[in-house]
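1. only geometry, no sequence info:
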């Protein structure tokens, strides 16, 4: 079966779909660097790079999708306007991009639709025909005559073998002439924690940006440095490393009596208790965001292990750093040999992983559809 991917990012969601015989043959992405990344990963897919709100781009997408007999649509519109990690503005114009996905569905009339976004989508208002309504009501109003919707809309990636706790709003549509009921699979009993996910990954000390502090931490072993191409030491300023050095797994450095987050001038940093925060060993990772390379962003720091006591008798902990790109691949259920293009810089790689929906969940939710089509 052929599929169209809208707001495709670099195709994170599509990673395993070919394994279940769903072929994404047309895709659309706004940003050129992401479209190029996508085409590197999926050279046989027809990538339409451009703004879907422009008539010429939209019509090109529809024309190509019709030509390729697309029967499945994947739509993951930007969530920044709704996300608690973003602007969280209900009237952010990006929230209305879902209208273009609906326009495409009405034009193409696919058998199945997979739509994914943040849970806040259920409470986000949108304007349609001079009326304000919530996005679920809007979808029902425009597509309800021809499609059945799944009952439960909120799920979590950790229920699908993904070592990451990421709540998502996933809307599943089945055309009414198709004899198939599409709901989420039963949650898997085994939750993959970081203790399990990271068990074979060697410890890694960060690089310190300031020259005067670069020799304070131990040198990384040859084994750690040669472990994997993408398991390389992140670079951090010393004051951030120092406060995380004294923070145990599952805790925030804001709770430290002395080694708390500081500005350059030594003043205490103010922030949420989810920042400057170590992940837990006995849980999956917290939601990975695009800002996963910053210690002071949400739940980004490696859990660490007990190392040794400092001169005051306080315990210090290893891995005072953000996750490496290799570790991000693991917690996002991406292949550790993911074919990242050589030209992509670290920031782009971190951004697209943080904004992508973990593909193992996508595969497991869509798999029953493909099994039905084969039966």
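-> Here it is on my side, so go on. Since the model is a prediction, treat every value here as computed from it, not as a measurement. Numbering: from 1, shown residues only.

2. mind checking which helix or strand of this protein has the lowest mean pLDDT?
-> Lowest on mean pLDDT, DSSP states H and E among the helices and strands of the chain sits strand 125-128, with a mean of 90.

3. average model confidence for the helix or strand just after that one?
-> Counting by DSSP states H and E, the element after strand 125-128 in chain order, helix or strand, is strand 131-134. Averaging pLDDT along strand 131-134 yields 94.

4. strand 131-134 pairs with which strands?
-> Here strand 131-134 is paired, per DSSP bridges, with strand 125-128 (antiparallel).

5. quick check: buried residues in the lengthiest helix in the chain?
-> Of all segments of type helix in the chain, defined using DSSP state H, the longest is helix 359-374. Within helix 359-374, the residues scored as buried using 16 or more other CB atoms under 10 Å are 359-370, 372-373. The way it works is simple: take the backbone N, C-alpha and C, and place the C-beta from them, glycine included.

6. which one of those residues is nearest to residue 112?
-> Closest approach between the buried residues of helix 359-374 and residue 112, by CB to CB: residue 369, at 5.5 Å.

7. mind checking how far the closest one is from residue 360?
-> Distance of residue 369 to residue 360, given as CB to CB, to the nearest Å: 16 Å.

8. likewise for residue 288?
-> Relative to residue 360, residue 288 is positioned 14 Å away (CB to CB).

9. how about the strands in the stretch 51-200 of the chain?
-> Remark: strands assigned in the stretch 51-200 of the chain by DSSP state E, counting those that start in this stretch are 72-75, 112-117, 125-128, 131-134, 147-149, 154-156, 167-175.

10. by mean pLDDT, show me the worst of these.
-> If those are sorted by mean pLDDT, strand 125-128 sits at the bottom with a mean of 90.

11. now that strand: buried residues?
-> Neighbour-count burial for strand 125-128 [16+ other CB under 10 Å]: residue 126.

12. what about that strand, distance to the chain center?
-> Centroid separation for strand 125-128 versus its chain: 26 Å, with CA atoms, centre = their mean, to the nearest Å.

13. now swap in stretch 303-315 and tell me
-> Distance of stretch 303-315 from the chain centroid (CA atoms, centre = their mean) equals 32 Å.

14. buried set for it?
-> Neighbour counts over stretch 303-315 (16+ other CB under 10 Å) mark 303-304, 307 as buried.

15. mind listing which of these are in strands?
-> Residues of the buried residues of stretch 303-315 located in strands (DSSP state E): residue 307.

16. ok, the buried residues of stretch 303-315 vs residue 330, which is closest?
-> Ranked by distance to residue 330 (CB to CB), the buried residues of stretch 303-315 are led by residue 303 at 13.2 Å.

17. so the closest one makes contact with residue 279?
-> Yes - judged on CB atoms under 8 Å, residue 303 makes contact with residue 279 at a distance of 4.8 Å.

18. shared neighbours of those two, anything?
-> 194, 249-250 (CB atoms under 8 Å, 6 or more residues apart in numbering).

19. buried only: go through those residues for me.
-> Applying 16+ other CB under 10 Å to the shared contacts of residue 303 and residue 279, the neighbour count classes 194, 249 as buried.

20. mind putting the strands of the stretch 51-200 of the chain into TSV with distance to residue 5?
-> Shown next, in TSV, are these (distance: least, CB to CB, whole Å):
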stretch	distance to residue 5
strand 72-75	5
strand 112-117	10
strand 125-128	22
strand 131-134	25
strand 147-149	19
strand 154-156	20
strand 167-175	15
